[in-house]
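In: Return a 3D structure for these sequence lines:
(2 chains)
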Number of protein chains: 2
Amino acid sequence: MNVVPPTSASLIAALAGVLPNGGLLTETQDLARYSRDWSGDHFGRPLAVARPASVEEMSALMRHCHAERIPVVPQGGLTGLVGAAVAADGGEIVISLERMNRIRSISPIDFAMVVEAGCILEDAKRAAGESDCLLPITFGAQGSCRIGGNVATNAGGFNVLRYGMTRDLVLGLEVVLADGRIWNGLKVLRKDNRGYDLKQIFIGSEGTLGIVTAAALKLFPKPTQIETALVGLRSVEDAMALYARARRDCSDLLTAFELILRQGIEITMREGVDFPDPLTKAYPAYVLIEVSSGGLIDLSAMLLGFLGGVADIVEDGIVASTRAQAERLWLYREIMVERQGRGGRYLRTDVSVPISKLADFVTDALAALEEARPDALAVTYGHVGDGNIHLNVVPPEGMEPQAVEHLFEEAEAEIFAVVDRYGGSISAEHGIGRVKQKAFLERIDPVTLDLAAGIKQAFDPRHLLSNGRILASKANHGL
Amino acid sequence: MNVVPPTSASLIAALAGVLPNGGLLTETQDLARYSRDWSGDHFGRPLAVARPASVEEMSALMRHCHAERIPVVPQGGLTGLVGAAVAADGGEIVISLERMNRIRSISPIDFAMVVEAGCILEDAKRAAGESDCLLPITFGAQGSCRIGGNVATNAGGFNVLRYGMTRDLVLGLEVVLADGRIWNGLKVLRKDNRGYDLKQIFIGSEGTLGIVTAAALKLFPKPTQIETALVGLRSVEDAMALYARARRDCSDLLTAFELILRQGIEITMREGVDFPDPLTKAYPAYVLIEVSSGGLIDLSAMLLGFLGGVADIVEDGIVASTRAQAERLWLYREIMVERQGRGGRYLRTDVSVPISKLADFVTDALAALEEARPDALAVTYGHVGDGNIHLNVVPPEGMEPQAVEHLFEEAEAEIFAVVDRYGGSISAEHGIGRVKQKAFLERIDPVTLDLAAGIKQAFDPRHLLSNGRILASKANHGL
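Out: A predicted model of the protein is given here:
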């Protein structure tokens, strides 16, 4: 952030008038839980936390902030992990969506639901399920993240290969603009080509162009059959060959295809006797496969038929015969994600390359890392059906914090250099925020930067919304 | 269009220098085929036709037009039917994409292809098929329309319910901007959350924000099984009840669900003995159902199981047992579309409502039409799985042209009033162009209009690109 003028206590006090009924928090102890993200790695103390309870209150709040040039940052579940939603220290008001958390409607006939931005993803998924529908967005943080954040960051997850990113699931949005006007683009139409599709501009904009207050989302029939398998493979290359065959043989019924390298499985095995080596011997690579469907298909026969036809690649595997067994297989992945940092900090990357280049990318990136920093542990897993890999780096135990910082910088530079060579993305899922801004701006071409800046200027000319996320911060005569 | 200054012959002559090798057409007889759209209903004579053969030539052309403030309209296959791509009479240069028609690459592993904007959709589909892949965009005009037009209008079609609109299939774009700069957003990554997703702004913008010169498109495994059925139903309401059950029973393998009312079937039956009444008796409503999959599913059993379970709704139907029979069932729909106007003009509408309201919408719209204009013939069919209906109106034979115009205005107003009541869209697939602009601007709210105008201003401040399409035309100091 640029240098901001000192806090204006009177401006903050005026905000309390705009948001009655405890809508404004200003006490230090109340601000704590809005100051630190899910990982604990990113924090920033807001000047105050505004918690509007309706789109009208949000509109009044933003009209006030716009008139007074008060910089704000909308905040959902703080699980984005790139520092987008925590305040720039001491310079911003956090706008929490937590009080706008209603499910406004669900229609199983339209396969659509309208949900407020502060609704926790898992609550929205549960409500969809109760109407015999599926809201497909699925990932580890689903018990904490909020729908508005999913939309603002175009969240991905396990099921993207079948159902798409969050963008693909949004039918309509309600957004409060930087100047407080309400843009009502909420609708459940499946097809609508009336002029520019404005909702696309807000999706994935990380809170920099408007504040999403509600979303109309596509639903799908809730699967009545789910089949899960874990297979062991000789290499990442074989995993990608398996994926190519799975796409053809499984007829778009593939819902997950998750790669885990051997070290990842070993992290979970350290949990003890409940998590033995899952196959008869150790393999360099593992893939967790999930297929799902309705009732009129013999899904189990399809999966077994597929696995029977790939015996040249798959040496060994287990097909879960009960839901409990399937959940157990997924635990190998979940525990690995939770435990990979050994309770300490680790470098997260979230990169993508064309699917055809993924195996070579992993080989090259791991080799570069091993050569530059043989002391670090690489943990590699990802949604490889989308060409998306999380290549994380864990420092040796007991390393000094400053040395850890240096290790992370060096490791990230090594990984990103290989991403560049393969024409990939340095942020497949999590966005840019502030954490990846430097690497992003170093790589962005001037035409793209100019177009992006033009959009920001058109939507938020005073640079009050999430200033300094994605694009460099601009002076906004803030508090 | 606003009043434009008289043609500057010297400006046109200078264009010829920018586009060597026959890239500029100026002779009246050469301009004819760029002046009239596919329906024959919309025409406009361009000042000249520019045919750049590469992105570099397109860039040079637009740099020149921008410097000299020459208004242009990009043109694909002229099948959009809303007057977007024909010139404003005498006031614009048409930029034809027809010489940029190469398929740059196909990768069956990435399930992606990169195609230039002038490539005819059917050619792109054929090339994908030769690599054992499917490019899903499918509709009647596919032998004439071009990929750039599909992207610029966010084309729909038969397979949207399975594969989405064109927007959902675009992985990346190459675009020449209003000032001639090239924006290179071509990439085949499945996930990429680096900042604003700029390609979304160009998709569906009908040539008003940039000229799409190439697109990277998602492909799918080519189905190895396709099953087709035609069923007879008592009502549109029953058709929608059938759709709700089909979505659940057919596990996202449903690729088409096309409603045709009885008059539509009768139009095809008039072709003669080759097209008998397709079922044992006449039904008020028919649905053409298609499912498709790869090899490891018993697709025929799935379809028969589904039809067996809906005997309470479906009184009668045929399942095609050969590919030729399936094509024959599709001909009932294709011939109806071709012959509905009896060789003359007819009013096309292309509206959508929430799926749950479609049956009531059709009842109400047909009743309103019958009351207002009992002399007209309504032909009703559509992609009802997307809530999208083409409710077309055919004038009585021999009606005077002026009376026909009046009938169309009256009928459209009746239909759109019912669309408004059901919260629907007056343009589900075809966009706004110039033909639907009045109805569009009458319905647009001021916030949406202001945001749209802001985007236009940011991307084309001189209003040279397709001026007067979607939004009202602005003075651009044109030729």
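In: Show residues contacting the strand or helix carrying residue A:58.
Out: Using DSSP states H and E, residue A:58 maps to helix A:55-68. The contact list for helix A:55-68, computed with Cβ atoms under 8 Å, 6 or more residues apart in numbering or on different chains, reads A:11, A:14-15, A:18-19, A:23, A:50, A:52, A:70-72, A:93, A:95, A:100, A:174, A:176-182, A:211, A:213-214, A:462, A:464. Every residue, glycine included, has its C-beta placed from N, CA and C.
In: buried set for it?
Out: Buried residues in helix A:55-68, defined by neighbour count with 16 or more other Cβ atoms under 10 Å in any protein chain shown: A:55, A:57-66, A:68.
In: The residue of the stretch 51-200 of chain A found nearest chain B: neighbouring residues, count only.
Out: When scored by Cβ to the nearest Cβ, the stretch 51-200 of chain A has residue A:200 as its residue closest to chain B, at 3.6 Å. By other Cβ atoms under 10 Å in any protein chain shown, 22 other residues sit near residue A:200.
In: can you check residue A:402 too?
Out: 8.
In: Report the mean confidence score over the host helix or strand of it.
Out: Take DSSP H and E as the rule and residue A:402 turns out to sit in helix A:401-421. Averaging pLDDT along helix A:401-421 gives 97.
In: Any buried residues in that helix, and which?
Out: Going by 16+ other Cβ under 10 Å, helix A:401-421 has these buried residues: A:404, A:407-408, A:410-412, A:414-416, A:418-419.
In: so what's residue A:12 closest to, chain neighbours aside?
Out: Spatially, and ignoring its direct neighbours in sequence, residue A:12 is nearest to residue A:48 (5.4 Å; Cβ to Cβ, 6 or more residues apart in numbering or on different chains).
In: mind giving me the domain ranges of chain A?
Out: Residue ranges for the domains of chain A, per automatic domain parsing: A:7-96, A:103-221, A:225-339, A:351-421.
In: what about the shortest one, start to end distance?
Out: What it means is domain A:351-421. 13 Å (Cα to Cα, to the nearest Å).
In: which intervals of chain A have sub-threshold pLDDT?
Out: Within chain A, the stretches with pLDDT under 70 are A:1-8, A:477-479.
In: redo that, cut-off 50
Out: Applying pLDDT under 50 to chain A flags the ranges A:1-6.
In: now the helices for the stretch 51-200 of chain A?
Out: Residue ranges of the helices in the stretch 51-200 of chain A, as given by DSSP state H, counting those that start in this stretch, are A:55-68, A:121-130, A:147-152, A:160-163, A:166-169, A:199-202.
In: For the first one, what is the distance to the chain centroid?
Out: Meaning helix A:55-68. 28 Å (Cα atoms, centre = their mean, to the nearest Å).
In: Using CSV, write out the CA atom coordinates for it.
Out: C-alpha atoms of helix A:55-68 as CSV (Å, rounded to 0.1, in the frame of the first residue of the first chain):
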residue,chain,number,x,y,z
VAL,A,55,-27.7,-5.6,0.2
GLU,A,56,-29.3,-2.3,1.2
GLU,A,57,-26.9,-1.9,4.1
MET,A,58,-24.0,-2.8,1.9
SER,A,59,-25.1,-0.2,-0.6
ALA,A,60,-25.4,2.5,2.1
LEU,A,61,-22.0,1.5,3.4
MET,A,62,-20.3,1.8,0.0
ARG,A,63,-22.0,5.0,-0.8
HIS,A,64,-20.6,6.4,2.4
CYS,A,65,-17.1,4.9,1.8
HIS,A,66,-17.1,6.3,-1.8
ALA,A,67,-18.1,9.7,-0.7
GLU,A,68,-15.5,9.8,2.0
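In: sorry, back to before: reformat the domains of chain A as JSON lines; add distance to residue B:356.
Out: Shown next, in JSON lines, are those (distance: least, Cβ to Cβ, whole Å):
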{"stretch": "domain A:7-96", "distance to residue B:356": "24"}
{"stretch": "domain A:103-221", "distance to residue B:356": "4"}
{"stretch": "domain A:225-339", "distance to residue B:356": "20"}
{"stretch": "domain A:351-421", "distance to residue B:356": "32"}
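In: which of these is buried the deepest?
Out: Among those, the stretch with the highest mean neighbour count (mean count of other Cβ atoms under 10 Å in any protein chain shown) is domain A:103-221, at a mean of 23.
In: end-to-end on that domain?
Out: First residue to last in domain A:103-221 (Cα to Cα) measures 19 Å.
In: Return the distance of that domain from the chain's centre.
Out: That offset, for domain A:103-221, works out to 13 Å (Cα atoms, centre = their mean).
In: before we move on, what about stretch A:409-423?
Out: Offset of stretch A:409-423 from its chain centre (Cα atoms, centre = their mean): 21 Å.
In: which residues are in contact with it?
Out: By Cβ under 8 Å, 6+ apart, the list of residues contacting stretch A:409-423 reads A:347, A:349, A:351, A:353-354, A:357, A:360-361, A:364-365, A:368-369, A:372-373, A:376, A:391, A:393, A:425-426, A:439, A:443, B:187.
In: where does the residue nearest to residue A:12 fall, phi/psi-wise?
Out: phi -170, psi 170 (degrees, to the nearest 10).
In: and the gap between it and chain B?
Out: 28 Å (Cβ to the nearest Cβ, to the nearest Å).
In: what's the answer for residue A:415, then?
Out: Distance from residue A:415 to chain B, by Cβ to the nearest Cβ: 15 Å.
In: Against residue A:282, how distant is that residue?
Out: Distance of residue A:415 to residue A:282, given as Cβ to Cβ, to the nearest Å: 25 Å.
In: again with residue A:401
Out: Distance from residue A:401 to residue A:282, by Cβ to Cβ: 34 Å.
In: need the contact list for residue A:193.
Out: B:153-154, B:156, B:204, B:425, B:427-432.
In: Mind putting these into TSV with secondary structure and distance to chain A?
Out: Formatted as TSV, the contacts of residue A:193 follow (DSSP: H, G, I helix; E, B strand; the rest coil; distance: Cβ to the nearest Cβ, whole Å):
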residue	secondary structure	distance to chain A
B:153	coil	7
B:154	coil	6
B:156	coil	6
B:204	coil	5
B:425	strand	4
B:427	strand	5
B:428	coil	4
B:429	coil	6
B:430	coil	7
B:431	coil	5
B:432	coil	6
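In: so after the helix holding residue A:402, what's the next helix or strand?
Out: Using DSSP H and E, the first helix or strand after helix A:401-421 is helix A:437-443.
In: Tell me how far the helix or strand harbouring residue A:231 lies from the chain's centre.
Out: Taking DSSP H and E as the criterion, residue A:231 maps to strand A:225-233. With Cα atoms, centre = their mean as the basis, strand A:225-233 stands 24 Å off its chain's centre.
In: Whichever helix or strand comes after it and chain B in contact?
Out: Next helix or strand after strand A:225-233 toward the C-terminus (DSSP H and E): helix A:236-249. Yes. On the criterion Cβ under 8 Å from any Cβ of the partner chain, helix A:236-249 is in touch with chain B at A:240, A:244, A:247-249.
In: any chance of those in TSV, plus distance to residue A:318?
Out: Listed next are the residues of helix A:236-249 next to chain B as TSV, based on distance: Cβ to Cβ, whole Å:
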residue	distance to residue A:318
A:240	21
A:244	22
A:247	22
A:248	23
A:249	19
